[in-house]
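J.: Give me the fold of what follows.
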Amino acid sequence: MAALMAFNQVVSHGFGLFLFVALVPEMRMDMSIEAWHLAFIGAGSQVSYLIGAALLGVWGHKLPSNKLLLVSGLVTASILLSMIFIHSPIVMIFGLCLMAISAAICWGGIVEIIAGCSQMGDRSTHLSIASSGTAWGYGLNGLLLLTVVPALGWQAAWFVAGMIAVMCLLMTSKVIKMKCAEVNSLVSFERMVSLPVALSTKELLKVVLIEPVARSTCLILFLVGLATMPFSTWLNVYLAELAVPGSLMGLAWLSVGLSGMVSGLIIGRLADRKGSSTTLFCIFSIFFVSSVAFVLDPAKWVLLVSVAYGLMYFPVWGILAGWVNRAYSSKATMQINGIGMITFGAGGVLGNALAGVVQQYTGSISILFEGICVVGFALVLFSMYLLLSEFLLRRHVVT
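T.: Residues are numbered from 1 along each chain as shown. The predicted structure follows:
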């Protein structure tokens with residue numbers, strides 16, 4: 001099930017959010033895509049993802065997770081295939097924004113399904129494997145760019161991605177029918193032990209503002225967005241500013257993808273064995289130390305910070321979802337995760353806005369990466385606080 005959910009993540013996030021970014025150099029001339037189109041796509045996709053996350057948090061609990069997943073898969077597959085026939089940049093922007101909404105909803109469905117089908121001791125592992133599907137999507141996009149596009153053109157890349165999405169949809173439909181009984185039995189169990197199966201909008205807002213686990217999850221995702229979104233947006237710009245060879249830029253993003261591919265199993269297993277707080281402290285510490293090294297000598301340590309980025313960014317979603325699910329039902333976990341996606345997006349928007357201001361007024365982006373180090377240090381401190389809180393709670397229970 002975890003591998004199938006990772007496959008859905010490949011389609012929804014890898015293809016739905018990032019395939020256009022990979023193909024835009026080839027598409028730009030054929031479709032007369034101008035700079036303002038690209039700017040609108042970047043902003044529109046982020047806003048659309050936030051809209052999808054908000055819909056998930058407020059209304060997602062009213063629909064079964066299997067239907068959420070299948071509907072989002074159908075929407076994404078349809079748009080991927082239709083991109084072959086689209087010639088208007090405006091229509092293309094609309095399609096990309098719809099896929100961004102669908103991607104957010106898809107991840108919510110994945111969270112609830114895995115939370116409902118996995119054993120508690122393996123839940124963080126399975127969720128982290130699923131979230132690392134985005135990294136596999138990065139890799140497949142690169143493969144399409146290297147093999148399909150040179151031989152058959154960018155239209156063929158959309159077609160191949162669409163057919164892969166259709167195959168994923170069919171496999172998901174078949175497997176989910178087999179797993180529905182497990183999900184239904186879990187919902188009955190959650191009702192029996194008095195876990196709130198779903199939260200009203202008022203209850204959801206109260207939970208994320210007051211309850212420590214939900215509040216901490218949303219705050220962590222805000223800080224992760226504040227650090228990682230500007231990092232991924234401006235890394236190549238900064239390396240180009242330093243006249244770093246293009247081959248090193250390519251290796252950096254290859255390192256991100258490869259580390260993300262393996263991080264799901266490794267980091268997820270660590271979270272199940274040693275606890276979420278310990279795992280968060282480890283991945284945030286690695287990212288912080290590597291970010292400091294990168295600031296001190298960018299060309300020397302860019303590959304290190306790229307690996308650390310992959311190890312931190314891709315599995316953190318699964319770790320946090322597994323942590324939330326220890327205190328809340330699978331449905332409530334999906335809703336809280338939706339609010340977490342909103343805070344992540346807000347952090348990313350703020351970080352990119354600050355980066356733009358820095359670039360405009362200083363003419364250099366180096367200060368941005370120093371700021372990312374500060375955010376990384378804040379994440380380390382926050383995870384240390386969680387570790388200390390858990391230690392004091394266990395000590396109190398023992399005494």
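J.: contacting residues for residue 161?
T.: Residues counted as contacts of residue 161 (CB atoms under 8 Å, 6 or more residues apart in numbering) are 11, 15, 19, 80, 140, 144. C-beta here means a position set from N, CA and C on the backbone, and glycine is covered the same way.
J.: Next one: the closest residue to it other than its chain neighbours relative to residue 307, how far apart?
T.: Nearest non-adjacent residue to residue 161, counting by CB to CB, 6 or more residues apart in numbering: residue 15, 4.5 Å away. Between residue 15 and residue 307 the distance is 24 Å, computed by CB to CB, to the nearest Å.
J.: give me every residue that touches residue 285.
T.: Contact analysis of residue 285 by CB under 8 Å, 6+ apart lists 380, 383.
J.: more neighbours, residue 15 and residue 307?
T.: When residue 15 and residue 307 are compared for neighbours, residue 15 comes out ahead with 29 against 20, by other CB atoms under 10 Å.
J.: Look up the pLDDT of that one for me, please.
T.: Note for residue 15: predicted pLDDT of 91.
J.: for the stretch 101-250 of the chain, what spans make up the helices?
T.: 123-131, 133-143, 149-152, 154-192, 201-210, 212-241, 246-274 (DSSP state H, counting those that start in this stretch).
J.: Flag every buried residue along the last one.
T.: So that's helix 246-274. Neighbour-count burial for helix 246-274, counted by 16 or more other CB atoms under 10 Å, picks out 249, 252-261, 263-265, 267-272.
J.: can you check stretch 150-158 too?
T.: Going by neighbour count (16+ other CB under 10 Å), the buried part of stretch 150-158 is 153, 154, 155, 157, 158.
J.: Test my guess that the residue nearest to residue 161 contacts residue 136.
T.: No: using CB atoms under 8 Å, residue 15 is not in contact with residue 136; the gap is 10.7 Å.
J.: how many other residues sit next to residue 361?
T.: 9.
J.: Just the element for it, please.
T.: helix 330-362 (DSSP states H and E).
J.: Moving C-terminal from that helix, which element do we reach first?
T.: That would be, after helix 330-362 and using DSSP H and E, helix 366-398.
J.: Which strands and helices lie in contact with that following helix?
T.: helix 212-241, helix 276-296, helix 330-362 (3 or more CB pairs under 8 Å, 6 or more residues apart in numbering; DSSP states H and E).
J.: So for residue 4, which of the ones you listed sits nearest?
T.: Closest to residue 4 of those is helix 330-362 (CB to CB; 16.9 Å).
J.: Residue 163 and residue 347: what is the separation?
T.: For residue 163, the distance to residue 347 - CB to CB - is 35 Å.
J.: ok, the two, which is more surrounded?
T.: Set residue 163 next to residue 347 and count neighbours by other CB under 10 Å: residue 347 wins out with 23 against 13.
J.: gap between the residue nearest to the more buried one when sequence neighbours are not counted and residue 317?
T.: In space, and not counting its chain neighbours, residue 347 is closest to residue 225: 3.0 Å by CB to CB, 6+ apart. Per CB to CB, residue 225 is found 11 Å from residue 317.
J.: any idea how far residue 327 lies from residue 155?
T.: Counting by CB to CB - residue 327 and residue 155 are separated by 48 Å.
J.: ignore the last one, residue 82
T.: Taken as CB to CB, the span from residue 82 to residue 155 is 11 Å.
J.: and if you look at residue 142?
T.: In terms of CB to CB, residue 142 sits 18 Å off from residue 155.
J.: Confidence-wise, which helix or strand of this structure is lowest on average?
T.: Within the chain, no helix or strand scores below helix 154-192, which has a mean of 75 by mean pLDDT, DSSP states H and E.
J.: how would you label residue 33: helix, strand or coil?
T.: coil (DSSP: H, G, I helix; E, B strand; the rest coil).
J.: residues contacting it?
T.: Going by CB under 8 Å, 6+ apart, residue 33 touches 24, 27, 89, 92.
J.: Give the PyMOL command for selecting the buried subset of those residues.
T.: Buried members of these, defined by 16+ other CB under 10 Å, are picked up in PyMOL with:
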select buried, resi 27+89+92
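J.: Mark which of the contacts of residue 33 are part of helices, please.
T.: Members of the contacts of residue 33 lying in helices (criterion: DSSP state H): 24, 27, 89, 92.
J.: Would you agree residue 255 is in contact with residue 311?
T.: No: counting by CB under 8 Å, residue 255 stays clear of residue 311, with 10.2 Å between them.
J.: for the record, mean pLDDT for whichever strand or helix holds residue 96?
T.: Taking DSSP H and E as the definition, residue 96 sits inside helix 89-117. What helix 89-117 shows for mean pLDDT is 87.
J.: what number of residues lie near residue 304?
T.: 17.
J.: Quick check: the gap between residue 205 and residue 378.
T.: As judged by CB to CB, residue 205 and residue 378 stand 24 Å apart.
J.: who has more neighbours, those two?
T.: residue 378 (17 against 14).
J.: Looks like the more buried one contacts residue 223 (just checking).
T.: Yes: counting by CB under 8 Å, residue 223 is a contact partner of residue 378 at 5.9 Å.
J.: contacting residues around residue 165?
T.: Residue 165 makes contact with 11, 15, 73, 76, 77, 80, 81, according to CB under 8 Å, 6+ apart.
J.: quick one: contacts for the fifth one?
T.: If I follow you right, that is residue 77. Residues in contact with residue 77 (CB under 8 Å, 6+ apart) are 11, 162, 165, 166, 168, 169.
J.: try 7 Å
T.: By CB atoms under 7 Å, 6 or more residues apart in numbering, the contact set of residue 77 is 162, 165, 166, 169.
J.: now the third one
T.: When contacts are counted by CB under 7 Å, 6+ apart, residue 73 is found next to 8, 11, 106, 165, 168, 169, 172.
J.: try it again with 8 Å
T.: Contact analysis of residue 73 by CB under 8 Å, 6+ apart lists 8, 11, 12, 106, 165, 168, 169, 172.
J.: between the contacts of residue 77, which is nearest residue 385?
T.: Using CB to CB, the contacts of residue 77 come closest to residue 385 at residue 165, 41.4 Å.
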